[in-house]
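Asker: Any chance you could fold what I've pasted below:
(3 chains)
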Amino acid sequence: MKIMRKVDLHLTQESGQTSQAPWRLINNKYSNMILIDEIPVLLKLSQNSLDSIDVEYELLDENVNEKRIYDEIAKIYDLDFNLNKFYKFLSNDEKLKPSIDFCSSLRLFLAKDPFQSIISSISSANNSIIRWTKSMHKVSSTWGKKYEFPSGTFYSFPSPKTLSNVYEDEEVNNHKYVNNLKACGLGYRANYIKKASKIFASEINPSDIKDMKYDEAFETLIKINGIGPKVADCILLYGYGFTEAFPSDVWIKRIISYLYFDRKDIKVDKVRTFGMERFKDYAGYTQLYLFHYARKSGLMSKLKPKN
DNA sequence: AACCAGGACTCTG
DNA sequence: CAGAGTCCTGGT
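Answerer: As a prediction, this is how the structure comes out:
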């Protein structure tokens, strides 16, 4: 199956969006297992040009309608988002315009499983991309369901219930536990993950969030231990597709300060409201584009405090 | 080998 | 309320 849409799979995968760890690259195909109506489907995506995606997939015993597979891929890569219209919007702002050339065909990388994006985003806080990626794969392979496909073994992301019952530490009451969250390299986030899993296993259904208004969803999330403003916005943007979110961390702060505030030191929270008010429904995409533009253009290294 | 980066929490003023 | 210290670990 071929999907005719403008998208840069590589760029989108490696752009550090915290919905999920990057997919495994097997024989140059981005490979990941997703469940469609509980049926495991292994997706293998590749492309020769940025105008289309070549889709291969593997099934175990049950069949899935190809249209359903198409729809899920379109959702994950936000393929219905109108990039050209967005580029017109970027062109209208001299500060944003240069980002188009650096980020062409970059799209959102959305989670199929919102709970996965919640845990992934919590785990990304104060962390490096390498360590975060390893941790996320370890969590899946430790507690997820195992599926053996011809192309390899894949794991689902564990459910809230499963994660709420795992051990946080290696040792509990003088008992050694090999399978524990800290062994996944999560450090002190292990406790946040366990607590959040408990909440999403009982009080809040992850799918409740998507029916809320942005503000209510944001307020709901930041009440949870380990979820601050940045992580909440990542969850809302990458996990639920709230495109009005403007995840603001130190880097976005430096970039916005440089571009719009004459390098003046502004608070991260101000950056967030500035981005949301100025970019509206494009806030999320603008954040994504600004971040990668800064990274690739050399602006980022220029903005490092030392230099 | 000591030290720093990266968000969120917690404690202090 | 703002500011400082702490958490974990891969990278220098």
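
Asker: Would you mind naming what in the stretch 201-307 of chain A lies close to DNA strand C?
Answerer: A:Lys267 (CB under 7 Å from any atom of the strand). Bear in mind the C-beta positions are built from the backbone N, C-alpha and C, glycine included.

Asker: Tell me which residue lies farthest from the centre of chain A.
Answerer: Residue distances from the centre of chain A (CA atoms, centre = their mean) peak at A:Asn174, which lies 37.0 Å from the mean C-alpha position.

Asker: Got the domain ranges for chain A?
Answerer: A:1-110, A:113-236, A:250-303 (automatic domain parsing).

Asker: Output those domains in JSON lines, with mean pLDDT and distance to A:Phe242 appended to each entry.
Answerer: Output for the domains of chain A, formatted as JSON lines (pLDDT from 0 to 100; distance: least, CB to CB, whole Å):
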{"stretch": "domain A:1-110", "mean pLDDT": "96", "distance to A:Phe242": "11"}
{"stretch": "domain A:113-236", "mean pLDDT": "94", "distance to A:Phe242": "4"}
{"stretch": "domain A:250-303", "mean pLDDT": "95", "distance to A:Phe242": "7"}
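
Asker: do you know how far the closest residue in space to A:Lys176 that isn't next to it in sequence is from A:Ser121?
Answerer: Of all residues not flanking A:Lys176 in the chain, A:Glu170 sits nearest, at 6.4 Å (CB to CB, 6 or more residues apart in numbering). Taking CB to CB, to the nearest Å as the measure, A:Glu170 falls 25 Å from A:Ser121.

Asker: Could you tell me the phi and psi values at the residue in the stretch 201-307 of chain A that DNA strand C sits nearest to?
Answerer: For the stretch 201-307 of chain A and DNA strand C, the shortest gap (CB to the nearest atom of the strand) falls at A:Lys267, measuring 6.9 Å. Dihedral pair for A:Lys267: phi -70, psi 150, per degrees, to the nearest 10.

Asker: More neighbours: A:Glu170 and A:Ser121, which one.
Answerer: A:Ser121 (30 against 14; other CB atoms under 10 Å).

Asker: OK, contacts around the more buried one?
Answerer: Counting by CB atoms under 8 Å, 6 or more residues apart in numbering, A:Ser121 touches A:Thr18, A:Ser19, A:Ile227, A:Val231, A:Cys234, A:Ile235, A:Tyr238, A:Gly239.

Asker: what's the answer for A:Lys6, then?
Answerer: A:Leu50, A:Asp51, A:Leu83, A:Ser105.

Asker: Which secondary structure state does it sit in?
Answerer: Reduced to three states with DSSP: H, G, I helix; E, B strand; the rest coil, the structure at A:Lys6 is coil.

Asker: what number of residues lie near the residue nearest to it when sequence neighbours are not counted?
Answerer: Excluding the flanking residues, the one nearest A:Lys6 by CB to CB, 6+ apart is A:Ser105, at 5.2 Å. As a burial measure, A:Ser105 scores 17 neighbours (other CB under 10 Å).

Asker: and if you look at the one 5 residues further on?
Answerer: Per other CB under 10 Å, the neighbour tally for A:Leu110 reads 19.

Asker: Can you verify my assumption that it contacts A:Ile235?
Answerer: No: counting by CB atoms under 8 Å, A:Leu110 stays clear of A:Ile235, with 11.3 Å between them.

Asker: and for the two, which residues touch both?
Answerer: Joint contacts of A:Leu110 and A:Ile235 (CB under 8 Å, 6+ apart) are A:Ser117.

Asker: And whichever residue of chain A sits closest to DNA strand B, its phi and psi?
Answerer: Nearest residue of chain A to DNA strand B: A:Gly228, at 2.3 Å (CB to the nearest atom of the strand). Taking degrees, to the nearest 10, you get phi -100, psi -170 for the backbone angles of A:Gly228.

Asker: Am I right that A:Asn225 is in contact with A:Tyr192?
Answerer: Yes: taking contacts as CB under 8 Å, A:Asn225 lies within contact range of A:Tyr192: 5.5 Å.

Asker: Which of these two has more residues huddled nearby?
Answerer: Legend: neighbour count by other CB under 10 Å for A:Asn225 and A:Tyr192, higher for A:Tyr192 (21 against 14).
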